[in-house]
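Undergrad: structure, please.
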Amino acid sequence: MTKADFAIVQILSAAILTVISIAIAVLMLQQAKRVRSFKLRLQAHLLWSGMCFFSAYLFLPAIAYLYTEHLWFQ
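TA: Presented below is the predicted three-dimensional model:
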């Protein structure tokens, strides 16, 4: 596998992790509203925001690499 393939896998894994964590956070928020739990609501928001930062950490370098490859071979 080339580095471009690894960059694509990294982008896809970041997208999958983001979708899964947002779904879990939404379910946690629904549960927190049902039981009126501030702790669970805070955990859901921390999960959501933490995963956004983590996926950006994975996503942006891979996009930068693919864009550099695109410019190099133009």
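
Undergrad: so which helix or strand of the protein has the lowest pLDDT on average?
TA: helix 38-72 (a mean of 88; mean pLDDT, DSSP states H and E).

Undergrad: what is that one packed up against?
TA: helix 3-35 (3 or more Cβ pairs under 8 Å, 6 or more residues apart in numbering; DSSP states H and E). C-beta: built from backbone N, CA, C; applies to glycine.

Undergrad: helices or strands next to the helix it packs on in the packing?
TA: helix 38-72.

Undergrad: the nearest residue to residue 3 once chain neighbours are set aside: what's it in contact with?
TA: Setting aside the residues directly before and after it, residue 3 is nearest to residue 65 in space (Cβ to Cβ, 6 or more residues apart in numbering), at 6.8 Å. Residue 65 is in contact with 3-4, 7, counting by Cβ atoms under 8 Å, 6 or more residues apart in numbering.

Undergrad: what do you get for residue 4?
TA: For residue 4, the contacting residues are 65-66, 69, by Cβ under 8 Å, 6+ apart.
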